[in-house]
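Q: Give me the fold of what follows.
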Amino acid sequence: MQSMNHKPISARTRELLNAYGLKLKKSLGQNFLTDSHVLSKIIRAAELNKDSGVIEIGPGIGALTERLAEQAGKVVAVELDQRLVPVLKELFQHQPHVEIIHGDALEVDLGAVIQEHMRDMKTLHVVANLPYYVTSPILIRLLTERYPLTNIVIMIQKEVADRLAAKPGTKDYSSLSVLVQYFAEAEEVAKVPSHVFVPRPQVDSAVARLTLRERPAVEVKNEELFFKIVRASFAQRRKTLLNTLHATLFARVDKHQVEAWLNEAGIDPKRRGETLNLEEFATLVEVIDQKLTALS
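A: Presented below is the predicted three-dimensional model:
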């Protein structure tokens, strides 16, 4: 197929889909970006150069992949939809620094991908246009598995982007907010209206950038317990922290004991989980970890 780079992205997208007889799969959350200005914002946010390696999750039919290939030294695009793989391979057949991999980003051995394809790169980035239904699982994997990433730039549903940088006590603050901010500094780079996608989704999106910290925002000895307590604290948002933790994690412990733990951590048992900042969660986990160790 001849290059269609001279065409507007929306026209190019439709032509490629028609040429290969493809229909988008709603089950995969496929909404392809057709706005070059938004693509430019994503590229700028990733801060790439020829020493940069990029893992792109969900390249679709390659509009963003083309721009990444222009800026980065290596691009590995992981596409779940088998039907799109031959389209992508044909589009990038003359660009040896672009690799197309068929697979699920939640299952692909990203460590092996990095080792095989990114060894000569000085910085490593993840760029993705993520379907809503996999945003949290993919982010959690990328952060908790501690790949040597400089940043993660993702286009996601606007309401999810709002959660990533949300402050304690706000409606958007969630367990995902705490997890993301533990590992990274989160910021919204751009708002993206729904009309720049094919097909048009029912909600607006946003581009978010996560800049990975050299070390977590707070010191936590027992990370497993930290994340358990964070998740439990948001499980029943209308309940007090005392009632929520007792009901979800410590039902076998006397409630007065749980109340004593909170008091020792300097946290009012009547507060709700979404009012705690990272430092308070870390202090609480330190106290509970010591008490549980003593009880065992």
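
Q: As a check, name the ranges of all strands in the stretch 51-200 of the chain.
A: 52-57, 74-79, 98-102, 123-129, 151-157, 184-192, 197-198 (DSSP state E, counting those that start in this stretch).

Q: Now mean neighbour count too, for those, in TSV please.
A: For the C-beta atoms, the positions are set from N, CA and C on the backbone; glycine is no exception. Shown next, in TSV, are the strands of the stretch 51-200 of the chain (neighbours: other CB atoms under 10 Å):
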stretch	mean neighbour count
strand 52-57	25
strand 74-79	25
strand 98-102	20
strand 123-129	24
strand 151-157	24
strand 184-192	18
strand 197-198	20
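
Q: could the ones you listed be laid out in JSON lines, adding mean pLDDT and distance to residue 222?
A: As requested, the strands of the stretch 51-200 of the chain are arranged in JSON lines below (pLDDT from 0 to 100; distance: least, CB to CB, whole Å):
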{"stretch": "strand 52-57", "mean pLDDT": "98", "distance to residue 222": "30"}
{"stretch": "strand 74-79", "mean pLDDT": "97", "distance to residue 222": "32"}
{"stretch": "strand 98-102", "mean pLDDT": "97", "distance to residue 222": "35"}
{"stretch": "strand 123-129", "mean pLDDT": "95", "distance to residue 222": "27"}
{"stretch": "strand 151-157", "mean pLDDT": "95", "distance to residue 222": "25"}
{"stretch": "strand 184-192", "mean pLDDT": "94", "distance to residue 222": "21"}
{"stretch": "strand 197-198", "mean pLDDT": "68", "distance to residue 222": "42"}
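
Q: Determine which of those approaches residue 63 most closely.
A: Among these, the nearest to residue 63 by CB to CB is strand 123-129 (9.2 Å).

Q: strands paired with the closest one, and their directions?
A: Paired strands of strand 123-129, with direction, are strand 52-57 (parallel), strand 151-157 (parallel) (DSSP bridges).

Q: residues in contact with that strand?
A: 31, 33, 42, 46-49, 51-58, 60, 64, 68, 72, 105, 114, 118, 138, 142, 147-155 (CB atoms under 8 Å, 6 or more residues apart in numbering).

Q: again, only using 7 Å
A: Residues outside strand 123-129 that contact it (CB atoms under 7 Å, 6 or more residues apart in numbering): 33, 42, 46, 48, 51-58, 60, 64, 68, 114, 118, 142, 147-155.

Q: can you give me the helices in the protein?
A: Along the chain, the segments classed as helices by DSSP state H run 9-19, 36-46, 63-71, 85-91, 110-117, 135-144, 158-164, 175-183, 223-233, 241-248, 255-264, 278-295.

Q: Out of those helices, which gets nearest to residue 191?
A: Comparing these by their distance to residue 191 (CB to CB), the top pick is helix 158-164, with 6.8 Å.

Q: got the buried residues for stretch 154-168?
A: By 16 or more other CB atoms under 10 Å, the buried positions in stretch 154-168 come out as 154-158, 160-166.

Q: can you name the two of these that are farthest apart?
A: Among the buried residues of stretch 154-168, the pair separated by the greatest distance (CB to CB) is 155 and 166, at 18.2 Å.
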